[in-house]
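Visitor: Would you be able to build a 3D model of this:
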Amino acid sequence: MKSTHAGNGDLRDFTTDARVLLIAAIAVVVATAGLVAGIALLKLIPLATNIAYFGQFTLTELKLEDTPLGYASVIVPVVGALIIGVMARFGSEKIRGHGIPEAIEAILLGRSRLDAKVAILKPLSSAISIGTGGPF
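Guide: Numbering: from 1, shown residues only. The predicted model follows:
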């Protein structure tokens, strides 16, 4: 009868091999890419705001109350929605919606593969939507 003592080399809960290191390296690369994409999205939002409300291509945080548009600034979210509509019509219909159902669909039907066009247009359309005041 074998002992179930933890110090016994014959009995283990699981075994590992060098493939674990490969998977860990892939995880680091994917996590780094996700971090870079998240930071880029956070930079795209003020850029879209500054272009839409001030006509300036800058990342600095400008105050919306200083916009030269005045009351015409209520048109900015409409123009942002039209730009996103054109992106959805001629770019990819998959940029519509919240993103979670599309991600689940890509996992279940597309073998976890996301089209490169969607990977670029979805964050860009989100930044335009948030930056022009669409969600509000």
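Visitor: Only C-alpha atoms from now on, for both contacts and neighbour counts.
Guide: Will do.
Visitor: which ones are touching the residue nearest the centre of the chain?
Guide: Residue closest to the mean C-alpha point of the chain, counted by C-alpha atoms, centre = their mean, is Pro123 at 5.0 Å. By C-alpha atoms under 8 Å, 6 or more residues apart in numbering, the contact list for Pro123 reads Leu41.
Visitor: Figure out the helix or strand that it lives in.
Guide: Using DSSP states H and E, the secondary-structure element containing Pro123 is helix 116-131.
Visitor: Extract the C-alpha trace of that helix and format it as PDB.
Guide: Provided in PDB are the C-alpha atoms of helix 116-131 (Å, rounded to 0.1, in the frame of the first residue of the first chain):
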ATOM      1  CA  ALA A 116      -8.200  42.400 -37.700                       C
ATOM      2  CA  LYS A 117     -10.600  45.000 -39.100                       C
ATOM      3  CA  VAL A 118     -12.900  44.500 -36.100                       C
ATOM      4  CA  ALA A 119     -10.000  44.600 -33.700                       C
ATOM      5  CA  ILE A 120      -9.100  48.100 -35.100                       C
ATOM      6  CA  LEU A 121     -12.600  49.500 -35.800                       C
ATOM      7  CA  LYS A 122     -14.200  48.500 -32.500                       C
ATOM      8  CA  PRO A 123     -11.900  50.500 -30.200                       C
ATOM      9  CA  LEU A 124     -11.800  53.400 -32.700                       C
ATOM     10  CA  SER A 125     -15.600  53.500 -32.800                       C
ATOM     11  CA  SER A 126     -15.800  53.300 -29.000                       C
ATOM     12  CA  ALA A 127     -13.300  56.200 -28.700                       C
ATOM     13  CA  ILE A 128     -15.300  58.300 -31.200                       C
ATOM     14  CA  SER A 129     -18.600  57.500 -29.400                       C
ATOM     15  CA  ILE A 130     -17.300  58.400 -25.900                       C
ATOM     16  CA  GLY A 131     -15.200  61.300 -27.200                       C
END
